[in-house]
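**Q** Let me see the structure of the following:
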Amino acid sequence: MKKLEIVIKPERLEDLKEILNTCDVQGMMITNIMGYGNQKGYQKSYRGTAYTVNFLPKIKVETVTDAETAGIIIKIIKDRLAVDDEIGGGKIFVYDVADVIRIRTGDHGVAAI
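**A** Modelled structure (predicted):
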């Protein structure tokens, strides 16, 4: 099993939810986060004074699925959400999951997802 942490711009959330739904993902967690990557924020001006906005709004979507589906999801995200080498397009972090346990039933593994 794999855990995917997908960090994207907020305006890409609906596209990502559609991708995950077409791949029959059973659940996802969405968190509003702030951060920066290579772009290190951007410059703004207020009343003639320039300042840097370092932390940009991002969305983190987490889901756990089997390894095969994770590979399919990653490929579709790379194909559909890439925007002409635009900086700040996002990241996908992939983790191995040793086990999942559904508390209500005690199911383990893929059956608990």
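**Q** what's the nearest residue to Glu62 if we skip its chain neighbours?
**A** The spatially closest residue to Glu62, leaving aside those adjacent along the chain, is Met29, at 4.5 Å (CB to CB, 6 or more residues apart in numbering). Where C-beta positions appear, they are placed from N, C-alpha and C, glycine not excepted.
**Q** how far away is that neighbour from Arg12?
**A** Counting by CB to CB, to the nearest Å, the separation of Met29 from Arg12 is 17 Å.
**Q** Just want to know which of these two has more residues nearby.
**A** Neighbours were counted for Met29 and for Arg12 using other CB atoms under 10 Å; Arg12 has more, 20 against 10.
**Q** Would you map the helices across the chain?
**A** 13-22, 67-81 (DSSP state H).
**Q** Check which helices and strands the first one is in contact with.
**A** Yep, that's helix 13-22 we're talking about. Judged by 3 or more CB pairs under 8 Å, 6 or more residues apart in numbering; DSSP states H and E, helix 13-22 is in contact with strand 56-65, helix 67-81.
**Q** Count residues in the vicinity of the closest residue to Ile113 other than its chain neighbours, would you?
**A** Once flanking residues are discounted, Ile113 sits nearest to Gln26: 5.2 Å by CB to CB, 6+ apart. Neighbour count for Gln26, taken as other CB under 10 Å: 12.
**Q** Wait, Gln26 touches Val110, no?
**A** No: counting by CB atoms under 8 Å, Gln26 sits too far from Val110 to count as a contact (9.8 Å).
**Q** Alright, that wraps it up for me.
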